[in-house]
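Trainee: Sequence first, predicted model second:
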Amino acid sequence: MFDDQLSPASAAPAAAEPASLDWTRKLVSFDTTSRESNLGLIETVRDHLAGAGIESILSYDADRRKANLFATVPDAGGGTQGGIVLSGHTDVVPVDGQKWDSDPFAPEVRDGKLYGRGTCDMKGFIGSALTALPQIMSTRLSKPVHFAFSYDEEIGCVGAPVMLADLAARGIRPSGCIVGEPTSMRVIVAHKGINAFRCCIRGQAAHSSLTPQGLNAIEYAARLITFIRDIADEFRANGPYDHAFDVPFTTAQTSTIKGGNALNTVPADCEFQFEYRNLPGVDPEAVLTRIREYIDGDLLPRMRREHAIGAVELSKIAAAPSLDASEEAAVTQLVRALTRDTDVRKVAYGTEGGQFQQAGIPSIICGPGNIEQAHRPNEFVSLEQMAECDRFLGRFVDSLAVRD
């Protein structure tokens with residue numbers, strides 16, 4: 001997806017073992033697949049920060065099986081407002097059904113690469129951020145540095161809003177955020193929004209020889225799926241467009257469907273999932289309104305003319321807003337200066353950066369590894385990329401030093 005756009009940044013030759021290797025190995029050794037708890041990892045980081053005199057704020061999910069961590073290294077005057085957030089998600093995608101050449105949770109270095117689930121997406125960046133802690137602590141900072149490590153990004157960016165709400169309630173207001181998703185240490189200034197839904201069509205079962213007595217849920221699901229495809233085709237044909245994206249228009253698609261139980265039975269139920277990915281500037285609620293208006297104004301009335309039992313249930317699975325970083329934002333200018341990267345890059349995948357931006361915290365995406373390696377068997381991050389991230393964060397800390 002990024003072979004041309006996101007080739008690795010040129011840099012000095014990397015050391016055989018980047019400074020962040022130990023921390024990254026430790027983080028990867030925790031199985032933080034989204035269905036599992038991440039508390040072992042979070043509490044390990046919390047305790048490490050506590051050993052350096054840094055207090056962490058944990059914000060939990062409803063079951064208290066998962067937590068976000070937010071921690072601040074104050075500036076030289078003890079201030080904690082403003083400053084830059086180093087942000088990463090702690091959860092990883094499953095390895096189920098994938099063929100790995102080594103244990104995905106026993107990270108292993110081979111041929112200049114660190115293999116393991118989450119090495120690229122995105123524990124390499126978290127490891128580098130934690131490795132930078134001694135330098136951060138020993139520097140007279142002009143601005144505070146914050147760590148923000150979330151849960152459940154991989155299943156819809158669920159954890160970050162909990163953390164951001166907690167920070168707002170506490171009156172904590174960072175002035176910028178670097179989200180360390182894998183970009184080959186190139187700067188990403190925008191991504192699309194993600195909106196995922198589940199739709200259940202309720203009909204009436206009947207013998208297939210008596211179709212007028214039934215209500216075919218699959219056929220009405222097909223009508224709605226076709227309508228969603230029509231919306232996608234409109235965006236493709238008419239825009240709006242942003243050609244800095246590899247797919248320069250808003251997209252929509254149906255991804256899963258199930259329904260019916262026998263060839264000779266009118267299906268009573270059909271469930272499908274769909275998503276749309278909106279360009280920055282395209283209102284995702286307006287897309288949803290069109291779908292709801294079609295359901296309420298056309299689909300449901302037609303269903304109920306056949307059978308009063310007809311129903312459509314639409315529920316949101318996940319949503320993450322788009323990101324559109326301002327070139328005038330201080331954090332954008334800082335990261336561009338530190339990477340010497342002035343190219344404009346925009347991507348179709350989503351991150352928590354849009355949520356930070358929506359909360360009033362300007363954000364930029366830059367981190368080690370290539371997104372092409374994420375979510376795959378034998379996921380890896382190159383040692384060179386890890387070392388480049390270590391150098392980047394070293395320059396970042398130096399840039400915040402008080403100049404006498």
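Mentor: Happy to help now that I have it.
Trainee: any idea which residue sits dead centre in the protein?
Mentor: residue 351 (3.2 Å; Cα atoms, centre = their mean).
Trainee: Break the protein down into its domains, please.
Mentor: Segmentation of the chain into domains, based on automatic domain parsing, reads 21-190+322-399, 193-319.
Trainee: Please work out which of those is packed deepest.
Mentor: domain 21-190+322-399 (a mean of 20; mean count of other Cβ atoms under 10 Å). Quick note: C-beta positions are derived from backbone N, CA and C, even for glycine.
Trainee: for stretch 270-286, how far is the first residue from the last?
Mentor: End-to-end span of stretch 270-286 (Cα to Cα, to the nearest Å): 25 Å.
Trainee: Would you confirm that the residue nearest to the centre of the chain contacts residue 366?
Mentor: No. Using Cβ atoms under 8 Å, residue 351 is not in contact with residue 366, being 10.9 Å away.
Trainee: Could you find the closest non-adjacent residue to residue 307?
Mentor: residue 215 (3.9 Å; Cβ to Cβ, 6 or more residues apart in numbering).
Trainee: Can you name the residues that contact that neighbour?
Mentor: 203, 204, 266, 268, 303, 306, 307, 309, 310 (Cβ atoms under 8 Å, 6 or more residues apart in numbering).
Trainee: ok, the closest residue in space to the second one that isn't next to it in sequence to residue 310 distance?
Mentor: In other words, residue 204. Distances taken as Cβ to Cβ, 6+ apart put residue 215 closest to residue 204, at 4.1 Å, once the chain neighbours are dropped. Using Cβ to Cβ, to the nearest Å, one gets 5 Å for the distance from residue 215 to residue 310.
Trainee: And the helices in the stretch 101-250 of the chain, which stretches?
Mentor: Remark: helices assigned in the stretch 101-250 of the chain by DSSP state H, counting those that start in this stretch are 124-131, 133-138, 159-170, 217-238.
Trainee: Switch the domains of the chain over to CSV, and while doing so, append mean pLDDT to every line.
Mentor: Shown next, in CSV, are those (pLDDT from 0 to 100):
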stretch, mean pLDDT
domain 21-190+322-399, 97
domain 193-319, 97
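Trainee: and the strand or helix carrying residue 47, what does it pack onto?
Mentor: Residue 47 belongs to helix 39-51 when assigned by DSSP states H and E. Secondary-structure packing of helix 39-51 (3 or more Cβ pairs under 8 Å, 6 or more residues apart in numbering; DSSP states H and E): strand 56-60, strand 67-73, strand 145-150.
Trainee: ok, the contacts of residue 215 vs residue 118, which is closest?
Mentor: Nearest to residue 118 among the contacts of residue 215 is residue 268, at 41.8 Å by Cβ to Cβ.
Trainee: and the residue nearest to that closest one when sequence neighbours are not counted, what does it touch?
Mentor: Spatially, and ignoring its direct neighbours in sequence, residue 268 is nearest to residue 205 (4.0 Å; Cβ to Cβ, 6+ apart). Each residue near residue 205 by Cβ under 8 Å, 6+ apart is listed here: 214, 265, 266, 267, 268.
Trainee: With secondary structure and distance to residue 339 as new columns, can those residues be given to me in CSV?
Mentor: Below are the contacts of residue 205 laid out as CSV (DSSP: H, G, I helix; E, B strand; the rest coil; distance: Cβ to Cβ, whole Å):
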residue, secondary structure, distance to residue 339
214, coil, 61
265, strand, 60
266, strand, 60
267, coil, 54
268, coil, 56
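Trainee: could you redo those as CSV and give each row distance to residue 324?
Mentor: Shown next, in CSV, are the contacts of residue 205 (distance: Cβ to Cβ, whole Å):
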residue, distance to residue 324
214, 48
265, 49
266, 47
267, 43
268, 44
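Trainee: Pick the one among these closest to residue 193.
Mentor: Distances from residue 193 to the contacts of residue 205, taken by Cβ to Cβ, are shortest for residue 267, at 32.9 Å.
Trainee: Out of the helices of the stretch 101-250 of the chain, which is closest to residue 388?
Mentor: helix 124-131 (9.4 Å).
Trainee: Could you tell me the angle between the closest one and strand 145-150?
Mentor: 140 degrees (axes from the mean of the first three to the mean of the last three Cα atoms, to 10 degrees).
Trainee: Need the CA coordinates for helix 124-131. CSV is fine.
Mentor: What follows is helix 124-131, C-alpha atoms only, in CSV (Å, rounded to 0.1, in the frame of the first residue of the first chain):
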residue,chain,number,x,y,z
GLY,A,124,8.4,-0.5,18.3
PHE,A,125,7.4,3.2,18.8
ILE,A,126,6.3,2.7,22.4
GLY,A,127,9.6,0.9,23.1
SER,A,128,11.5,3.8,21.6
ALA,A,129,9.5,6.3,23.6
LEU,A,130,10.2,4.5,26.9
THR,A,131,13.9,4.2,26.0
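Trainee: Run the chain-centre distance for it.
Mentor: 17 Å (Cα atoms, centre = their mean, to the nearest Å).
Trainee: contacts for it?
Mentor: Contacts of helix 124-131 (Cβ under 8 Å, 6+ apart): 18-27, 45, 48, 86, 88, 90, 114, 147, 149, 180-182, 367-369, 381, 385-386, 389-390, 393.
Trainee: In helices, which of those residues fall?
Mentor: 21-27, 45, 48, 385-386, 389-390, 393 (DSSP state H).
Trainee: Widest-spaced pair of those?
Mentor: Across the ones in helices among the contacts of helix 124-131 (Cβ to Cβ), the longest gap, 23.2 Å, separates 48 and 385.
Trainee: Please convert the contacts of residue 215 to JSON lines, extending it with distance to residue 76.
Mentor: Converted to JSON lines, those look like this (distance: Cβ to Cβ, whole Å):
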{"residue": "203", "distance to residue 76": "67"}
{"residue": "204", "distance to residue 76": "71"}
{"residue": "266", "distance to residue 76": "73"}
{"residue": "268", "distance to residue 76": "67"}
{"residue": "303", "distance to residue 76": "66"}
{"residue": "306", "distance to residue 76": "72"}
{"residue": "307", "distance to residue 76": "72"}
{"residue": "309", "distance to residue 76": "69"}
{"residue": "310", "distance to residue 76": "66"}
